[in-house]
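Chemist: Build me a model from this:
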Amino acid sequence: GGGGGSSLEGARGDGFYSDEDGLPQVASSGAGGSAVRYEADNIAANEGMVTRVLRGSAHPTAAVFHVAFKIAAIASYLLLGLFTKSFVIQFVVTVTLLAFDFWTVKNVTGRLMVGLRWWSDMNEDGSTAWRFETLEDPDSVNTTDYRIFWWSMYVTPLIWIALGLIAAVKIHISWLIVVFIAIALTLANTLGYLRCDKEAQKRVQNAVGNSVLQAALDRFLPPTLTSAMGSRV
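Modeler: Residues are numbered from 1 along each chain as shown. Okay, the predicted model is just below:
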């Protein structure tokens, strides 16, 4: 398939907590300063794991929705039957959540959290062409966002595969249809982003190789010859 695309904006973003929103920062000494620091220490100690993770994210809202739709779809599949006996309602709600997750990951969270975006076009001959957009500077991607994104992308298909095996053993054909839809949507995004990430790494390697070659030309060849050859690198 084909590759290419412009670089993305928005992968950096502002932190979840600014200086104004975060814990009090007190430089003064004395009883007042000690009390504020004590309160801040208590708040930090009582922070939940989710809060600590989001605190390190550059795009906490995107991170929440990136994970929330996945959890909601799995919870709907497992637990909605406790509240309704209608398979149609369970099917519609679960598949709708899966569709929300697919669209959000493909169009929003991948671009914001890891600086990647993919899509596919149909060529005139009927073949599929893959298109990729990548961030020019991968090092600018937030580490917390990177881990949240990729861990959830790897774990979610495995969970649905396990649920599919359980449904197959119990011969629940109707629920197998739901699981197949879930696996198809989650794997489509996972494979799309894996190919996009591979393309991004290849571009970085090519850029580094060109820089090294250009530096060698500048060092060992005359300037006029270097400029002529460098334009072809």
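Chemist: Tell me where this structure has helices.
Modeler: Secondary structure of the chain (DSSP state H): helices located at 31-46, 49-55, 60-79, 87-104, 110-114, 143-169, 173-220, 223-230.
Chemist: quick check: mean pLDDT across the longest one?
Modeler: The one in question is helix 173-220. This predicted structure assigns helix 173-220 an average pLDDT of 76.
Chemist: what number of residues lie near Ile183?
Modeler: 19 (other Cβ atoms under 10 Å). Yep, even glycine has a C-beta here, placed from its N, CA and C like the rest.
Chemist: Tell me the confidence at the residue nearest to it when sequence neighbours are not counted?
Modeler: Sequence neighbours aside, Trp160 is the residue nearest to Ile183 in space, at 5.0 Å (criterion: Cβ to Cβ, 6 or more residues apart in numbering). Reported pLDDT at Trp160 in the predicted model: 96.
Chemist: Show me the shaky parts of this protein.
Modeler: Screening the chain residue by residue with the criterion pLDDT under 70, one finds the ranges 1-47, 138, 200, 202-233.
Chemist: hang on, the earlier thing: could I get the helices of the chain in CSV, plus columns for distance to Ser127?
Modeler: Compiled in CSV, the helices of the chain are given as follows (distance: least, Cβ to Cβ, whole Å):
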stretch, distance to Ser127
helix 31-46, 55
helix 49-55, 41
helix 60-79, 31
helix 87-104, 23
helix 110-114, 24
helix 143-169, 26
helix 173-220, 15
helix 223-230, 36
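Chemist: Please identify which of the ones you listed is closest to Ala129.
Modeler: With distances scored as Cβ to Cβ, the stretch of the helices of the chain nearest to Ala129 is helix 173-220 (12.1 Å).
Chemist: Contacts only, for Tyr77.
Modeler: Counting by Cβ atoms under 8 Å, 6 or more residues apart in numbering, Tyr77 touches Gln90, Thr94, Leu163, Trp175, Val178, Val179, Ala182.
Chemist: ok, now with 10 Å
Modeler: For Tyr77, the residues meeting the contact criterion (Cβ atoms under 10 Å, 6 or more residues apart in numbering) are 90-91, 93-95, 97-98, 159-160, 163, 167, 175, 178-179, 182.
Chemist: what does Gly192 give?
Modeler: With Cβ under 10 Å, 6+ apart as the criterion, the residues that contact Gly192 are Val105, Lys106, Gly110, Leu116, Arg117, Trp118, Trp119, Ser120, Trp130, Phe132.
Chemist: Repeat that for Ile166.
Modeler: Contacts were defined as Cβ under 10 Å, 6+ apart; by that measure Ile166 touches His172, Trp175, Leu176, Val179.
Chemist: what about the first one, neighbour count?
Modeler: Here the neighbour count serves as a burial measure; for His172 (other Cβ under 10 Å) it reads 14.
Chemist: Looking at the helices of the chain, which is nearest to Asp125?
Modeler: Closest to Asp125 of those is helix 173-220 (Cβ to Cβ; 20.6 Å).
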